[in-house]
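J.: Test case, fold it:
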Amino acid sequence: MDNESSAAIQAARDFIEMFNAQDHGALADTLNYPHTRLANGKFVTIGDRDEFASSSERNKARLNAEGWHHTVLTSISVVHAGNDKVHMSLAIDRCHEDGTVYNQFDTLWIATLQDEHWGIQFRSSYLR
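T.: From the prediction side, this is the model:
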């Protein structure tokens with residue numbers, strides 16, 4: 001595996017780790033900006049780290065309401081890789097505290113290299 005793919009995969013793994021820790025600042029650091037997410041038919045673009053960290057913290061109440069405890073990255077593969085961006089296909093499970101999977105997502109993430117930092121810059125998910 002090339003260095004770009006390894007760095008992009010690590011950025012994705014770091015995102016899941018910080019999401020599970022609910023460390024909103026560290027989670028925001030796993031991204032590159034502007035960060036765009038396509039969900040429910042809408043593109044949402046977040047301009048910077050502080051905006052993302054605040055949004056992530058507000059999202060915590062919704063996660064708690066659905067009984068979220070942790071997220072598992074069940075698979076990750078590189079679809080395309082270049083010097084400054086990597087497209088990845090991921091499968092992600094959301095789980096309750098007892099490990100029961102209650103949501104599964106197939107998702108496309110694009111990691112980019114900006115100022116020597118590999119971060120996730122685009123996410124698009126499908127609920128299975």
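
J.: how close does Ser77 sit to Ala91?
T.: According to C-beta to C-beta, to the nearest Å, Ser77 stands 9 Å off from Ala91. Yep, even glycine has a C-beta here, placed from its N, CA and C like the rest.

J.: And these two? Which one has more around it.
T.: In terms of neighbours (other C-beta atoms under 10 Å), Ala91 is the more surrounded of Ser77 and Ala91; the figures are 15 against 11.

J.: partner residues bridging Leu113?
T.: Note on Leu113: beta-bridge partners by DSSP bridges are Trp118.

J.: if I pick it, what's in contact with it?
T.: 4, 7, 83-85 (C-beta atoms under 8 Å, 6 or more residues apart in numbering).

J.: give me phi/psi at the residue lying closest to Glu97 once chain neighbours are set aside?
T.: Leaving out its chain neighbours, the residue that sits closest to Glu97 by C-beta to C-beta, 6 or more residues apart in numbering is His69, at 4.1 Å. Backbone torsions for His69, taken as degrees, to the nearest 10, come to phi -120, psi -40.

J.: From what I see, His69 and Asp93 are in contact.
T.: No - using C-beta atoms under 8 Å, His69 is not in contact with Asp93, being 11.2 Å away.

J.: Check the average confidence over stretch 120-128, would you?
T.: Average pLDDT, stretch 120-128: 95.

J.: Mind exporting the C-alpha coordinates of that stretch to CSV?
T.: C-alpha atoms of stretch 120-128 as CSV (Å, rounded to 0.1, in the frame of the first residue of the first chain):
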residue,chain,number,x,y,z
ILE,A,120,-11.2,13.7,5.6
GLN,A,121,-12.7,16.4,3.4
PHE,A,122,-15.9,14.8,2.0
ARG,A,123,-18.3,12.2,3.4
SER,A,124,-21.4,10.6,1.8
SER,A,125,-23.3,7.8,3.4
TYR,A,126,-26.1,5.4,2.7
LEU,A,127,-28.1,3.8,5.5
ARG,A,128,-28.4,0.1,4.7
